[in-house]
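1. task: produce atomic coordinates for the following.
(chains A and B)
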Amino acid sequence: MKANCWMAPNRVAVEEVPDPTVLNPRDAVVKVSSAAICGSDLHLLDGFIPAMKRGDVLGHEFMGEIVELGSGARDGLRVGDRVVVGFPIACGDCASCQRGLYSVCENSNPNAAIAETAMGHAPAGIFGYSHLLGGYAGGQAEYVRVPYADVGALKIEDDLPDEQVLFLSDVLPTGYMAAEMGDIKPGDVVAIWGAGPVGQFATVSAFLLGAEQVVVIDRFPYRLRIARDRAGADTINYEETDVLDTLREMTAGRGPDVCIDAVGMEGHHASAALHAYDRAKQAVKAETDRPHALREAILACRNGGTVSAIGAYGGFIDKFPMGSFMNRSLTLRSGQAHVQRYMRPLLERIRKGEIDPSFIITHTMRLDDTPHGYDIFKNKQDDCLKVVLKP
Amino acid sequence: MTRETTMGVRSVTDNLGIQRATKDQRSEGLARFLGWFSLGLGVTALAAGSRVARAAGVDDSRTARTVLRAAGVREIGHAGVLLVPRRAGLGTWTRVAGDVLDLVATGRAYRNRRGERRRRAGLTLAALGGITAVDLYASVRATRNRRGNPEGFAHGSVTVNRTREEVYRFWHDFENLPRFMYHLQSVITTGPRRSRWSAKAPAGRTVEWEAEIVDERPNELIRWRSVDGSRVPNSGTVRFTPAAGGNGTEVRVELEYAVPGRRVGSLVAKAFGENPQQQICDDLRRFKQVIETGEITRSDGTPDGTSIQTQAKQRPARPLAAHRTA
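-> Have a look, this model is predicted:
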């Protein structure tokens, strides 16, 4: 079969690889009908996630049809079912899964020992996301093996098109969880750093949870335009306006009640000097991430407010504003999305027409064109916000 | 069958009465002290080189001062090696190597000096001799205890999301063990307290032994040992305790074994990836997977499942060719 493989930093290629098979009783093999390129795939592309190997199959946002099933699948899945698969691999049986914390499943990462060295304890395995997170082949391919399919694969029985349900696999639950972690109360003002797909869905979700105003911060006018026109946000272009001043003014001195970092490790800063400081430290591995958005979110948040960090971070950050964070009684919440917890309720909302996630799609292309898709998505060319791949 | 500490490793006893090896405080302290000492020497040699040269009786030659400055830089290197790691290890040996260099250099200086300088060089030589002795002691001590575990003892623990009854029952059926203990080929129950074990040994050999249960307290612990005359004498305990807050069961395994061929045998075994300490950790991870999920977690990069040994040399995360999985 054909699959999109990581070959080296900044190089992906569509290669011929063996077809996956059932290795374990609870596995399914899914024929992929749609897959997507996620913002966090760019961290792999750029070489910021350790433990990648030449030839690793990428992709953790995908859906398709079950073509093969192990003997032990528990949840009434059948060959022929149309399913969306959540990106964290979760067993459903460990204490974490039973608490609903699927992205920190205790059993799904066979390389837990490597992850423990880097992180203290190991999070769950993730499709196509380095050997640190399990060494699983991903879904930017014609077929993919889905371990613990009875937990990870959600059956879609409606005739909703792929474009409306595909993002249940990652960016929609991720954006929703970002808003939920903010503990938004009716009337709250929410600020969101990053107008990528997760920022867009966090905006939509914040409104669903009762926010009165959502302010989205980014530097690409086309992404801000989508946040304004499609998601209903106010916007700040941080290359044109000082973010802290503007937020203070918009809230008459209070600061936003909830601040969401939907940027993560490869953030940019309007000040060339500040950006260069973190970029240089990152280049010599003195810090692994560029936490501009996180720092700004903490400084901007109102006294006693909540900062929700959903942007992906890899390791150690520098200049964390602990004084501001502690002295002003802030709460910080974070996590990879516990996708399996949100898939069903969000599918319900899609079905009722409360959310139509397809508005973020700007490009649809064949699997063969994936390297081009990575290129325009990474370099923000051609007003690219989300690429959907059709194997 | 309580375990005595061997090899001088200190141990602490936790609230369950289980002894566990800790790092050797004295070695650690000595290594830290030598680290700071190196830093002091290095900085002094670089900042006040001429005075040090005079004190050592080598202030009459340009070469000697250059050698002294180089030694200062080297001392700072020793400090880094000794102060940065969390455990004293081979780092202390770098100081011994440095001492040998210093002794040779000062010995030459002593032979070529006369009068007051010769007397000072002599004193320096004596001081160096003393320091070398301390370094040698620290190095032997630090590397002897480096493994943190005495020879012939290994332990591991894991928390599983199952009741004590379930976990005890599963473990007590020894025929289940080869499902998650990869080095075991089979365990056959031969009597109410007896079983026959067969395991893979290094270099493709197989070892077999007969084991008997010497103590069992339902839902609490199982103790076993190989019967007399076994080629690989071993004994072990597995304990089951409720996790705090009723969150499952804590499983703790302790293993004692005689190493065939003693030291050399054990080194050979480690080279083949048969280190019992590592094996117990891998086994317990897989035990948790099997009892909680019913299967061993396999990914495309790690098709054999959890194993520290294979993690260093993983294949790319892409599907295996079908004939390899068959």
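2. give me the number of residues near the residue of the stretch 51-200 of chain B found nearest chain A?
-> Closest residue of the stretch 51-200 of chain B to chain A, CB to the nearest CB: residue B:161 (4.4 Å). No exception for glycine: its C-beta is placed from N, CA and C like everyone else's. Each residue near residue B:161 was counted by other CB atoms under 10 Å in any protein chain shown, and the total is 22.
3. how close does the closest residue to chain B within the stretch 101-250 of chain A sit to residue A:47?
-> Going by CB to the nearest CB, chain B is nearest to residue A:135 of the stretch 101-250 of chain A, at 2.4 Å. Using CB to CB, to the nearest Å, residue A:135 is found at 17 Å from residue A:47.
4. pick out whichever of the two has more residues nearby.
-> Legend: neighbour count by other CB under 10 Å for residue A:135 and residue A:47, higher for residue A:135 (30 against 13).
5. what sits against the more buried one?
-> Applying CB atoms under 8 Å, 6 or more residues apart in numbering or on different chains to residue A:135 gives the contacts A:53, A:56, A:110, A:111, A:125, B:299, B:300, B:301, B:302, B:314, B:317.
6. how does it look with 6 Å?
-> With contacts defined as CB atoms under 6 Å, 6 or more residues apart in numbering or on different chains, residue A:135 is in contact with A:111, B:299, B:301, B:302, B:314, B:317.
7. considering these, which possesses the most neighbours?
-> Counting neighbours by other CB under 10 Å, the top entry in the contacts of residue A:135 is residue B:317, with 29 neighbours.
8. mean confidence score for stretch A:269-282?
-> Summarised as a single mean, pLDDT over stretch A:269-282 is 90.
9. what does it rub up against?
-> With contact meaning CB under 6 Å, 6+ apart, stretch A:269-282 is reached by A:238, A:239, A:268, A:287, A:290, A:292.
10. do the same with stretch A:311-330
-> A:40, A:48-49, A:261-265, A:287-289, A:291, A:295, A:298-299, A:301, A:303-304, A:307.
11. off-centre distance for that stretch?
-> 20 Å (CA atoms, centre = their mean, to the nearest Å).
12. how about residue B:136: what's its closest non-neighbour residue?
-> residue B:96 (5.7 Å; CB to CB, 6 or more residues apart in numbering or on different chains).
13. isn't the one you found right up against residue B:139?
-> Yes: using CB atoms under 6 Å, residue B:96 is in contact with residue B:139, at 5.4 Å.
14. compare the two (neighbour count), which wins?
-> Taking neighbours as other CB under 10 Å, residue B:96 and residue B:139 compare with residue B:139 leading, 24 against 17.
15. can you give me the pLDDT of residue 70?
-> Going with chain A. 94.
16. you answered for a different chain; I wanted chain B.
-> Residue B:70 is given a pLDDT of 90.
17. and what of the one 3 residues further on?
-> Listed pLDDT for residue B:73 reads 92.
18. so which helix or strand takes in it?
-> helix B:62-83 (DSSP states H and E).
19. helix or strand next in line after that helix, which one?
-> helix B:91-112.
20. if we can go back for a sec, farthest pair within the contacts of stretch A:269-282?
-> Maximum pairwise distance in these, criterion CB to CB, is 23.2 Å, between A:239 and A:287.
21. so between those two, which is more surrounded?
-> Taking neighbours as other CB under 10 Å, residue A:239 and residue A:287 compare with residue A:287 leading, 20 against 12.
22. OK, contacts around that one?
-> A:281, A:316, A:317, A:318.
23. which residue lies farthest from the center of the chain?
-> Just going to use chain A. residue A:252 (32.3 Å; CA atoms, centre = their mean).
24. right idea, wrong chain: chain B
-> Furthest out from the centre of chain B (CA atoms, centre = their mean) sits residue B:115, at 51.3 Å.
25. which stretches of the chain have low pLDDT?
-> Looking at chain A here, since you left the chain open. In the predicted model of chain A, no residue satisfies pLDDT under 70.
26. hm, I was asking about chain B
-> B:1-24, B:87-88, B:144-151, B:259-274, B:322-326.
27. ranges for the helices of it?
-> B:25-47, B:49-56, B:62-83, B:91-112, B:115-144, B:164-172, B:262-271, B:276-293, B:308-311, B:322-325 (DSSP state H).
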